[in-house]
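S.K.: Quick one: sequence plus predicted model below, questions after.
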Amino acid sequence: MNRRSFLSNTSIIGAAAMIHPTTVAAEIKRFETSSELNVSSGLKITRITPIVVPYASYVKVETNGGITGWGESDKDFRPLGKIFLEEAVIKHVIGKDPMAIDEIWNYMYFKSYDEGSYGLVTGALAGIDNALWDIKGKALGLPVSDLIGGRFRDQVKCYGSFGANVYSHEKEKYGGRKKKTPLEMAGIAANFADLGYTAIKVRMQIRQLNIDPNPDPSFETVKEVRAAVGDDMTIFFDANNGYTSHRAIEVGKKLRELYNIATIEEPVTMNNYHALREVTDALDFPITAGEHEYTRWQFRDLVQIGNADILNPDVLKSGGMSECLKIAQMASAFDKRFMIHSAYPMIGTSAGLQFAASQPNAMEYQEYVGPRPWMGLQKYFKNDLEFNQGFLKVPTEPGWGLEMDEKALLKDAKKQ
């Protein structure tokens with residue numbers, strides 16, 4: 001079946017309902033008997049293949065119409081995510097209509113609810129969900145952004161994001177140390193400025209295991225970064241869950257007063273919404289959170305209890321595009337805006353771009369860590385995203401707008 005014949009014989013029916021977990025049994029039964037509804041597009045899922053390579057986890061979804069979709073899952077715990085999909089999910093999705101994306105998402109999520117409702121589970125399911133959106137875009141000859149509302153903007157302004165931790169590929173450069181110095185962080189910030197960025201995020205990567213550090217390198221780091229980039233650069237500060245509420249309030253006030261940070265992100269332990277509320281009530285500038293929320297129900301509590309000002313959904317962590325759309329639309333009802341969390345080049349970045357470009361409550365800036373060449377992911381694609389002077393162009397080709405080099409991908413996958 002080619003795209004022309006598909007379009008001429010198909011009526012697309014969309015009904016997206018926000019379903020509470022208490023309806024798990026009903027959702028599973030409805031999915032298993034969906035063939036009786038007679039709303040099939042004619043396409044059927046014939047094969048789903050999770051593919052793990054260093055630093056990334058992709059999912060290939062094939063159909064009887066010759067249309068193949070590619071998705072990306074969360075990169076954390078990649079082998080476990082692959083096993084979860086192979087053992088608990090794929091067998092239930094084969095033979096289903098790939099255009100029935102919400103129906104498939106509901107079934108995958110609620111069927112695996114006992115295995116966990118977030119984290120590894122939603123990160124793995126995102127790979128299938130994102131691949132289905134790629135299929136739908138290719139079948140209709142449209143970018144995903146056109147399927148989810150249309151673009152408010154054709155390019156997205158990015159902020160450069162960098163962390164204090166020294167990663168394995170950087171050990172030699174930094175003499176085997178675990179952390180970068182404030183001056184080294186300032187040098188990275190200056191490099192982003194040279195590339196045309198007008199906003200950056202300083203990620204301190206303190207984490208809960210080092211909560212309320214003493215001495216605290218945050219002040220000296222932000223001081224050096226501000227000196228390196230000047231007063232016109234917008235600076236976001238990410239505590240990475242590193243403070244108790246009273247200390248977060250103290251740090252936030254001081255950084256705002258001395259260095260004019262625009263927001264403090266994840267100031268307290270994730271999911272501790274009452275502590276977060278103490279911080280949001282005490283500070284008079286925006287608080288950002290959501291990197292460690294994975295479903296609309298967690299984001300509901302983040303908004304209603306924690307009262308975060310800016311939300312951070314992640315298209316690869318939060319169950320894929322389908323769930324992120326519900327999160328963004330729910331947030332709009334509370335006049336909350338979002339900046340995507342995005343640590344993944346290629347499919348993850350394209351998905352985040354198209355998500356942000358199509359939603360009215362997206363912030364001006366969206367996260368972009370750069371191409372991260374040390375991950376070696378560009379070699380798996382025959383084309384690339386377009387970056388210029390702090391902006392990423394929103395892809396306009398069908399689906400995610402990226403063409404996979406499957407031969408190169410499978411070559412590295414065999415080594416895992």
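M.R.: Right, received. Where do you want to start?
S.K.: What pLDDT is listed against the closest residue to A343 other than its chain neighbours?
M.R.: Leaving aside its chain neighbours, A343 sits nearest to V369 (5.7 Å; criterion: C-beta to C-beta, 6 or more residues apart in numbering). Using the backbone N, CA and C atoms, a C-beta is placed for each residue, glycine as well. V369 is assigned 84 on the pLDDT scale.
S.K.: Kindly report the same for E36.
M.R.: 46.
S.K.: try the one 5 residues further on
M.R.: Predicted confidence (pLDDT) at S41: the value is 80.
S.K.: what do you get for the one 10 residues further on?
M.R.: Among the per-residue scores, I51 shows a pLDDT of 98.
S.K.: likewise E115?
M.R.: Looking at E115, the pLDDT reads 84.
S.K.: got it, and P373?
M.R.: 89.
S.K.: State the distance from it to D384.
M.R.: As judged by C-beta to C-beta, to the nearest Å, P373 and D384 stand 11 Å apart.
S.K.: F192 now?
M.R.: The value you get for F192 to D384, if C-beta to C-beta is used, is 19 Å.
S.K.: who has more neighbours, those two?
M.R.: Taking neighbours as other C-beta atoms under 10 Å, F192 and D384 compare with F192 leading, 24 against 11.
S.K.: need the contact list for the residue nearest to Y365 when sequence neighbours are not counted.
M.R.: Leaving aside its sequence neighbours, Y365 sits nearest to Y159 (C-beta to C-beta, 6+ apart; 4.5 Å). By C-beta atoms under 8 Å, 6 or more residues apart in numbering, the residues touching Y159 are 197, 199-201, 234, 236, 365-368.
S.K.: Confirm that Y159 sits in a helix.
M.R.: No - under DSSP: H, G, I helix; E, B strand; the rest coil, Y159 falls outside any helix and is assigned strand.
S.K.: Quickly list what it is bridged to.
M.R.: E367 (DSSP bridges).
S.K.: any idea of the pLDDT on it?
M.R.: For Y159, pLDDT reads 96.
S.K.: Likewise for the one 3 residues further on?
M.R.: F162 is assigned a pLDDT of 96 by the prediction.
S.K.: Let's test this: mean pLDDT of stretch 61-74, rounded?
M.R.: Mean predicted confidence for stretch 61-74 is 98.
S.K.: Give me the pLDDT value at K29.
M.R.: 58.
S.K.: can you list the domains in this protein?
M.R.: 3-141, 146-397 (automatic domain parsing).
S.K.: between the ones you listed, which gets nearest to K415?
M.R.: For K415, the closest of the domains of the chain is domain 3-141, at 8.2 Å, according to C-beta to C-beta.
S.K.: Quick one: residues contacting V394.
M.R.: With C-beta under 8 Å, 6+ apart, V394 has these contacts: 143, 145, 151, 153-156, 353-354, 357.
S.K.: Now it. Nearest residue, chain neighbours left out?
M.R.: That would be A357: by C-beta to C-beta, 6+ apart, it lies 4.5 Å from V394.
S.K.: quick one, what contacts that neighbour?
M.R.: 145, 151-154, 156, 394.
S.K.: Recalculate using a threshold of 7 Å.
M.R.: If you count contacts by C-beta atoms under 7 Å, 6 or more residues apart in numbering, A357 has them with 145, 151-153, 156, 394.
S.K.: For the stretch 201-350 of the chain, which segments count as strands?
M.R.: Under the criterion DSSP state E, counting those that start in this stretch, the stretch 201-350 of the chain contains strands at 234-238, 263-265, 287-289, 310-311, 337-338.
S.K.: Likewise for the stretch 51-200 of the chain?
M.R.: Under DSSP E, counting those that start in this stretch, the stretch 51-200 of the chain gives strands at 56-63, 68-73, 155-163, 199-203.
S.K.: circling back to that earlier point, quick check: which of the domains of the chain is nearest to K407?
M.R.: domain 146-397 (9.5 Å).
S.K.: Kindly check the end-to-end length of that closest one for me.
M.R.: 10 Å (C-alpha to C-alpha, to the nearest Å).
S.K.: Number of residues surrounding T46?
M.R.: For T46, using other C-beta under 10 Å, the count is 15.
S.K.: in what helix or strand does it lie?
M.R.: For T46, the host element (DSSP states H and E) is strand 45-53.
S.K.: Now do that strand: distance to the chain's middle.
M.R.: Relative to the mean C-alpha coordinate of its chain, strand 45-53 is positioned 20 Å out (C-alpha atoms, centre = their mean, to the nearest Å).
S.K.: Which residues belonging to it are considered buried?
M.R.: Using 16 or more other C-beta atoms under 10 Å as the test for burial, strand 45-53 gives 45, 48-53.
S.K.: got the angle for it vs strand 68-73?
M.R.: Angle of strand 45-53 versus strand 68-73, following axes from the mean of the first three to the mean of the last three C-alpha atoms, to 10 degrees, is 40 degrees.
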